[in-house]
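A.B. asks: Please work out how this folds:
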Amino acid sequence: MTTIEPTGQAPSSTRVTEPLSPKGLAGVTAVLRGPVDPGGLPGLVALVARGDQVHVDALGVQDVQSRVPMRRDTLFRIASMGKPVTAVATLMLVEDGTLQLDTPVDRWLPELANRRVLRALDSPLEDTVPARRPITVRDLLTLRLGTGAVMAPPDTYPIQKAMQAARVAPGFDPIPYTADEFMRRLGALPLVHQPGERWMYHTGFEVLGVLVARASGRGFDDFLAERLFQPLGMNDTAFSVPPEKRGRLATTYQRAPGTGALTVWHEPRTAPGSQPAAFLAGGGQGGGLVSTADDFLTFCRMLLNQGRHGATRILSPESIREMTTDQIPAEQKAASPFFPGFWDTSGWGFGGSVTTRPDGISPTAGRYGWAGGFGTTFFIDPVQDLVAILLTQRILSGPDDEAFAVAFSKAAYAALG
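C.D. replies: Below you'll find the predicted structure:
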C-alpha cells in the first residue's frame, strides 16, 4: 500500500518548501520493494515527509506465517531509534532546572560516583586508577561516560568478559534486571576510559533512562507519557503494548547463519514490548520503545520545528540546536573506534549522529538521525525540511542491511526533485 497526502497539520517550518516529486516518490517505493518482493524482508512501513506532505509505503506482511499485511499503523520495536527520545526527556529536565548538563550525576546515580578506571583496555579488572573527574549529564548524552560497547571481537579483553558475565554489555537481548540492579552491576565494574575522553556506543543511554526516572521521581515510562508522548499525541508509543493493540505488533525475525533463511526471533505475544519489562531501556536494548511511523513523524517534526508542536513548547530552540550539533572533537573521534568510515562524515550530538559534511546521501551537512538494531532508521534534514523513517523488524546482520537503509535515504533525497 502506498499513500501520499497532506496531513492537515501545520508545516514543520515557516518557509515555503517545494512538494515532493511524484517520480521521485515512485523511486522510493521501487527501492523499498527490492528486498520485500523476493521475501528476504517480511515487510516494512516507510515514510517520507516534507512540509505538510507525507508519502507512506506499507509493504509486505507483519508476520510471515499469518500473512497479516503491514499497515500504516503497524507497531514496531524501534530499539536504538529511541535514543533521541531519551535525549529529549533528559533535556526537558535540564530546562526544568532539575539537572545541569555539566554537573556530576553522583546525586542521582551514586553507583557511578568515585569511579575507578582501567589503566589500559587490556588490563585485568583490578589494575585501575582513580577517575580524574566525575561523570556528568553531558558525558551520558554524548556517550563519553567511559564505558559502553568495546569494538573488538567478543572476549578479547577482560572487561568485555566481565560486562558480558554481569549482563550489562550492549546487545539484542533485553536487560533482565530492574534499574537499580542494572546500576549496581554496572557500578561494580571499572570504567574502560576516563570520563569525557572517548566515545563508546550505547550504555550511556541506558543509564540516562535511569537518571530521568530518579531525577523526576517518576517511572521513566510515566515521565515520557506525561511530558512528551501525550503532548505530542504519540498515542501508540510506549514501552509495552496493551492487549487490544498486540494484533498490530510486527513479528521480529533474524536470518539463519549460512542460509539467510528467516527465523522468528520473537513473536508478538512473547516479544519484548508485548509485556511490561523489568528494565525500561532508554538506549533501546532488547527493543525499547514500540512506535509507529506516524507517531515518530510527529516527534521528528517537533525537532524540525525547533522544539515546538503546534502551540506546545517541548524544548527550547537552544536545546534542539545543541542536541543536533556534533559534540565530539576530532581527536576523540580518532581514538574512538566505531564502524569503518563513520567518523569521516559524521559526528554525535545528543542521541543521534550528525553529518559534518556531504556524505553521498545529503548534499549538505546537518542531517540528524539514528538507526535501531531491528532494522529501523530515521533522519531529519533541517535545511531541506525533510523527514524519512524506515521501520522493519529483521535483526541487522550484514552489510546489505546498511546498504538498504542508505538506498532508502538516497531515494528520499531524490524525491526532492
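
A.B. asks: For stretch 362-379, give the mean pLDDT please.
C.D. replies: On average, the pLDDT along stretch 362-379 is 96.

A.B. asks: I should have written stretch 404-412 there, sorry.
C.D. replies: With pLDDT averaged residue by residue, stretch 404-412 scores 97.

A.B. asks: do stretch 168-176 as well
C.D. replies: Per-residue pLDDT values across stretch 168-176 average out to 92.

A.B. asks: What residues sit buried inside it?
C.D. replies: Val168, Ala169, Pro170, Phe172, Pro174, Ile175 (16 or more other C-beta atoms under 10 Å). C-beta coordinates here come from the backbone N, C-alpha and C atoms, glycine included.

A.B. asks: hang on, isn't the fifth one packed against Gly283?
C.D. replies: If I follow you right, that is Pro174. No: using C-beta atoms under 8 Å as the test, Pro174 is too far from Gly283 to be in contact (11.5 Å).

A.B. asks: Out of the buried residues of stretch 168-176, which two sit at the greatest distance?
C.D. replies: Val168 and Phe172 (14.3 Å; C-beta to C-beta).

A.B. asks: And for Gly171, nearest residue in space, chain neighbours not counted?
C.D. replies: The shortest distance from Gly171 to any residue other than its chain neighbours is 6.7 Å, reached at Gln285 (C-beta to C-beta, 6 or more residues apart in numbering).

A.B. asks: Equivalent analysis for Leu99, please.
C.D. replies: Beyond its immediate neighbours in the sequence, the residue positioned closest to Leu99 (C-beta to C-beta, 6+ apart) is Leu93, lying 4.5 Å away.

A.B. asks: Backbone torsions only: list them for that neighbour.
C.D. replies: The phi and psi torsions at Leu93 (degrees, to the nearest 10) take the values phi -70, psi -30.

A.B. asks: And it, how far from Leu32?
C.D. replies: 38 Å (C-beta to C-beta, to the nearest Å).

A.B. asks: Between those two, which has more neighbouring residues?
C.D. replies: Per other C-beta atoms under 10 Å, whichever of Leu93 and Leu32 has more neighbours is Leu32, with 25 against 19.

A.B. asks: My guess is Val36 contacts Leu59. True?
C.D. replies: Yes: shown here, Val36 and Leu59 form a contact pair, counting by C-beta under 8 Å, at 4.8 Å.

A.B. asks: Overlap in contacts, those two.
C.D. replies: Gly43, Leu44 (C-beta atoms under 8 Å, 6 or more residues apart in numbering).

A.B. asks: In terms of packing, which of the two has more residues around it?
C.D. replies: Neighbours per residue (other C-beta under 10 Å) separate Val36 from Leu59, with Leu59 holding more: 21 against 18.

A.B. asks: Helix, strand or coil: sort out that one for me.
C.D. replies: Three-state assignment for Leu59 (DSSP: H, G, I helix; E, B strand; the rest coil): strand.

A.B. asks: Please name the bridge partners of it.
C.D. replies: Residues in a beta bridge with Leu59, per DSSP bridges, are Leu44.

A.B. asks: Distance check, it against Trp265.
C.D. replies: Distance from Leu59 to Trp265, counting by C-beta to C-beta: 20 Å.

A.B. asks: what about Ala330, neighbour count?
C.D. replies: Using other C-beta under 10 Å, Ala330 has 11 other residues around it.

A.B. asks: and it, what is it in contact with?
C.D. replies: Contacts of Ala330 by C-beta under 8 Å, 6+ apart: none found.

A.B. asks: distance of it from Asp344?
C.D. replies: The gap separating Ala330 from Asp344 is 11 Å, by C-beta to C-beta.

A.B. asks: Kindly report the same for Ile159.
C.D. replies: Remark: distance between Ile159 and Asp344 (C-beta to C-beta) = 28 Å.

A.B. asks: likewise Leu44?
C.D. replies: 28 Å.

A.B. asks: any chance you could map the helices in the stretch 51-200 of the chain?
C.D. replies: 83-96, 137-141, 158-166, 179-187 (DSSP state H, counting those that start in this stretch).

A.B. asks: among those, which is nearest Pro19?
C.D. replies: Closest approach to Pro19 among the helices of the stretch 51-200 of the chain is made by helix 83-96 (27.0 Å; C-beta to C-beta).

A.B. asks: what's the burial count for Pro242?
C.D. replies: Should you count by other C-beta under 10 Å, Pro242 turns out to have 8 residues around it.
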